[in-house]
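In: Fold the stuff below for me.
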Amino acid sequence: MDEIRDRKDRHRPAGAQLTVIYDGECGLCTRSVEALSRWDRERVLEFVPYQAAGVTSRFPWISDEEFSRAIQVVGSEGETWAGSRGLEEILRALRPSGVLALPFRVPGARRLAQTVYGWVARNRRHLGCSRHCSL
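Out: Reported below is the predicted structural model:
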């Protein structure tokens, strides 16, 4: 419990419940964040690209490899979810009442979501085209 208490995020904007740390150089990631931001009418999510200054000092328990491999979602007590588990927490936080996260309750859905997320994450530069892409 002390570890979580030490991880409290005092930099989060008032009202935000989760900090979503994503790849700011990935077109798919940035477009996904834009869509989530539109759905977040109550402003419970804070979005931060992992390339932003101060991210590693704000979240020192998350390695550079973890930042580059998958989305990281950090709760107010420092609890951290990555990949599809992070997406599940994002959907749970969005209103009305986290109804968007209900499909994760279906048996086997989390395993399938992690498999799909892993494939998309590994191929995101091709799927979303990075900002530096010439296409």
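In: quick check: longest helix of this structure.
Out: In the chain, taking DSSP state H as the definition, the longest helix is helix 109-128.
In: And the contacts of that one?
Out: If you take C-beta atoms under 8 Å, 6 or more residues apart in numbering as the criterion, helix 109-128 is touched by 23, 26-31, 69-70, 83-85, 87-88, 103-104, 133. Every residue, glycine included, has its C-beta placed from N, CA and C.
In: Just give me the neighbour total for Asn123.
Out: When neighbours are counted by other C-beta atoms under 10 Å, Asn123 registers 11.
In: swap that for Val106, please
Out: When neighbours are counted by other C-beta under 10 Å, Val106 registers 10.
In: What does the pLDDT read for it?
Out: pLDDT for Val106: 83.
In: partner residues bridging Leu45?
Out: Note on Leu45: beta-bridge partners Leu18, judged by DSSP bridges.
In: Please list all residues in contact with it.
Out: Ala16, Gln17, Leu18, Thr19, Val20, Leu36, Ser37, Ile90, Ala93, Leu94.
In: Can you give me the distance of the fifth one to Ser68?
Out: When you say that, I think you mean Val20. Look at Val20 and Ser68: by C-beta to C-beta, to the nearest Å, they are 15 Å apart.
In: When those two are compared, which one has more neighbours?
Out: Legend: neighbour count by other C-beta under 10 Å for Val20 and Ser68, higher for Val20 (25 against 13).
In: Where does the spatially closest residue to that one that is not a sequence neighbour sit, in terms of helix or strand?
Out: The shortest distance from Val20 to any non-neighbouring residue, by C-beta to C-beta, 6 or more residues apart in numbering, is to Phe47 (5.0 Å). Secondary structure from DSSP states H and E places Phe47 in strand 45-49.
In: tell me which residues of that strand are tucked away?
Out: Applying a neighbour-count criterion of 16 or more other C-beta atoms under 10 Å, one finds Leu45, Glu46, Phe47, Val48, Pro49 buried in strand 45-49.
In: For stretch 95-103, which residues meet the burial criterion?
Out: Leu100, Ala101.
In: Specify which residues of the protein, grouped into ranges, have pLDDT under the cut-off.
Out: For the chain, residues meeting the criterion pLDDT under 70 lie at 1-15, 97-98, 128-135.
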